[in-house]
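J.: Got a predicted structure here, sequence first:
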Amino acid sequence: MNKQYYVYLMTNIKNNVLYTGITSNLKRRIYEHREKLAEGFTKKYNINKLVYYEIHNDAYEAIKREKQIKSGSRQKKIELINNMNSNWVDLYNDI
């Protein structure tokens, strides 16, 4: 079985802060963000809602994609989210 890698975007309750991350275990990592188990940006800005994710089968491709998304404008991130999840609902329970 091949390992999968996830590039994801999260936001806060007001949808005004965006966070981009990468993980090989999406459910666990989002849980850590939601429960404030990880120090840093997501804890400081109360990032707790998964609004976008992509699945990759290659770690290097996932890292490359994460860097591409992070270097893009806020508008590009919003467009990614709107194309997958136009209502910006929390996708956590769907994973």
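T.: Noted; the coordinates are in hand. Numbers count the residues shown, from 1 in each chain.
J.: So Lys77 sits against Tyr19, correct?
T.: No - the pair Lys77 / Tyr19 is not scored as a contact, 9.8 Å apart, by Cβ atoms under 8 Å. In this view, the C-beta of every residue, glycine as well, is placed from N, C-alpha and C.
J.: which residues of the protein fall in strands?
T.: 5-11, 18-23, 49-56 (DSSP state E).
J.: Deepest-packed of the ones you listed, please.
T.: Compared across the strands of the chain, strand 5-11 shows the largest average neighbour count, a mean of 23 (mean count of other Cβ atoms under 10 Å).
J.: picking that back up, could you redo the strands of the chain as TSV and give each row mean pLDDT?
T.: Output for the strands of the chain, formatted as TSV (pLDDT from 0 to 100):
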stretch	mean pLDDT
strand 5-11	98
strand 18-23	98
strand 49-56	98
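J.: how about those strands in TSV, adding distance to His33?
T.: As requested, the strands of the chain are exported to TSV (distance: least, Cβ to Cβ, whole Å):
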stretch	distance to His33
strand 5-11	6
strand 18-23	8
strand 49-56	8
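J.: hmm, back to that, hey, what's in contact with both of Lys77 and Tyr19?
T.: Residues touching both Lys77 and Tyr19 (Cβ atoms under 8 Å, 6 or more residues apart in numbering): Leu9.
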